[in-house]
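Engineer: Sequence first, then the predicted structure, then my questions.
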Amino acid sequence: MKFLLSILVIIDNLNVLLASNDNCRENDLNALMVRLRQLRTDFANLEIQHAEQINATQAEIGVLKEANDNQETELKKLRQEINKTSSEIGVLKEANDTQEKELEKLRQEINKTSSKINTLNRTQETELIELRKEIATIKVPIVGFNAHLSTSGKVNKPGTVVFDVVITNQGADYNSSTGIFAAPYTGLYFFSVQLCNKENTHTYYGIHQKSRILARSYGYNYNSSWECSSVSIIAMLNKAEQVWVNNYDTIYDDYHGKNYFSGSLLNK
């Protein structure tokens, strides 16, 4: 732009010179020629600078284009990754929805089960309360006895053993005069007997009820010291049925209650 303005100025100066006198023309013409040569040089320099600027601009454009291509490639990769991630997110969301549905079903089943358990617990609690009430109304009477012999020494009397010293007789169902226990209720009873001997003698006895023997015990003492044997039985008796101890051989006692007979009602 500056170069063109300079050309216009020189043209204006030439017009002035052509209109002036001859003496001035030669001097001014020489000056203009010098100015023209300078302008040619400036113009050549400007062309060189312009070419350099164009080359630099083209190089910069090439760099920017390459960078843009690289960015486009990266953007393409990013788009592909985003698409892939979006697809994976869709799959995960679908799986999550499926799991949420399954969890909801499980919650419903758990709620149903909890409701059933609560109902069952309430039913069992009600039944337990009723059972406790029934148990509270059931009173098992206390029936039991324990008696031993009052004699000392050897007893060679077979038959019913009369344990005449009564320690306990709850219900008064044991007769210390006859040695017989009569069941006050129909129920399950427990009986226990111990008889002793010494001096090389036999011990042989049994627990009797009506015409049957509920339990027996047999022993033999091979020395002079005391030796005792015992037998126990649980039996079902009807009301008023009698139980006693029958001796078949020899008994020894010493006032210390070694020989005893006991029984109790377990349940009726």
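Structural biologist: Perfect, I can see it now. Residues are numbered from 1 along each chain as shown.
Engineer: from here on, contacts and neighbour counts on C-alpha atoms
Structural biologist: Noted.
Engineer: low-scoring stretches of the stretch 51-200 of the chain, by residue?
Structural biologist: 138, 156 (pLDDT under 70).
Engineer: which residues of it fall in strands?
Structural biologist: Assigned by DSSP state E, counting those that start in this stretch, the strands in the stretch 51-200 of the chain fall at 144-148, 152-155, 159-160, 165-170, 174-175, 180-182, 187-197.
Engineer: Chain neighbours aside, what residue packs nearest to residue 187?
Structural biologist: residue 268 (3.9 Å; CA to CA, 6 or more residues apart in numbering).
Engineer: quick one, what contacts the one you found?
Structural biologist: Residue 268 makes contact with 140, 185-188 under the criterion CA atoms under 8 Å, 6 or more residues apart in numbering.
Engineer: so residue 209 makes contact with residue 246?
Structural biologist: No. Residue 209 is beyond contact range of residue 246, at 10.1 Å (criterion: CA atoms under 8 Å).
Engineer: who does the longest helix along the chain touch, helix- and strand-wise?
Structural biologist: Determined from DSSP state H, the single longest helix within the chain is helix 22-137. The contact analysis (3 or more CA pairs under 8 Å, 6 or more residues apart in numbering; DSSP states H and E) places helix 22-137 against helix 2-19.
Engineer: ok, 6 Å please
Structural biologist: Here helix 22-137 touches no other helix or strand, going by 3 or more CA pairs under 6 Å, 6 or more residues apart in numbering; DSSP states H and E.
Engineer: now it: how far from the chain's centre is it?
Structural biologist: Centre-to-centre, helix 22-137 and its host chain are 45 Å apart (CA atoms, centre = their mean, to the nearest Å).
Engineer: and what of stretch 128-138?
Structural biologist: Put simply, stretch 128-138 sits 35 Å off its chain's centre (CA atoms, centre = their mean).
Engineer: still on that earlier bit, just the buried members of the contacts of residue 268?
Structural biologist: Buried members of the contacts of residue 268, scored by 16 or more other CA atoms under 10 Å, are 185, 188.
Engineer: Serialize the contacts of residue 268 to JSON lines and add fields for distance to residue 35.
Structural biologist: Formatted as JSON lines, the contacts of residue 268 follow (distance: CA to CA, whole Å):
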{"residue": "140", "distance to residue 35": "148"}
{"residue": "185", "distance to residue 35": "156"}
{"residue": "186", "distance to residue 35": "155"}
{"residue": "187", "distance to residue 35": "152"}
{"residue": "188", "distance to residue 35": "151"}
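Engineer: quick revisit: mind putting the strands of the stretch 51-200 of the chain in a markdown table, distance to residue 67 included?
Structural biologist: Shown next, in a markdown table, are the strands of the stretch 51-200 of the chain (distance: least, CA to CA, whole Å):
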| stretch | distance to residue 67 |
| --- | --- |
| strand 144-148 | 112 |
| strand 152-155 | 129 |
| strand 159-160 | 126 |
| strand 165-170 | 114 |
| strand 174-175 | 120 |
| strand 180-182 | 119 |
| strand 187-197 | 106 |
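Engineer: what residue lies at the spatial centre of the protein?
Structural biologist: residue 110 (15.1 Å; CA atoms, centre = their mean).
Engineer: related to what we said a few turns ago, out of the strands of the stretch 51-200 of the chain, which comes closest to residue 259?
Structural biologist: Nearest of the strands of the stretch 51-200 of the chain to residue 259, taken as CA to CA: strand 187-197 at 4.6 Å.
Engineer: which helices and strands sit right next to the next helix-or-strand element following the closest one?
Structural biologist: Moving toward the C-terminus from strand 187-197, the next helix or strand (DSSP states H and E) is strand 202-209. On a contact count with 3+ CA pairs under 6 Å, 6+ apart, strand 202-209 meets strand 212-220, strand 242-247.
Engineer: who does strand 202-209 pair up with?
Structural biologist: Applying DSSP bridges, strand 202-209 is found paired with strand 212-220 (antiparallel), strand 242-247 (antiparallel).
Engineer: angle of that strand against strand 187-197?
Structural biologist: If you take axes from the mean of the first three to the mean of the last three CA atoms, to 10 degrees, strand 202-209 sits at 160 degrees to strand 187-197.
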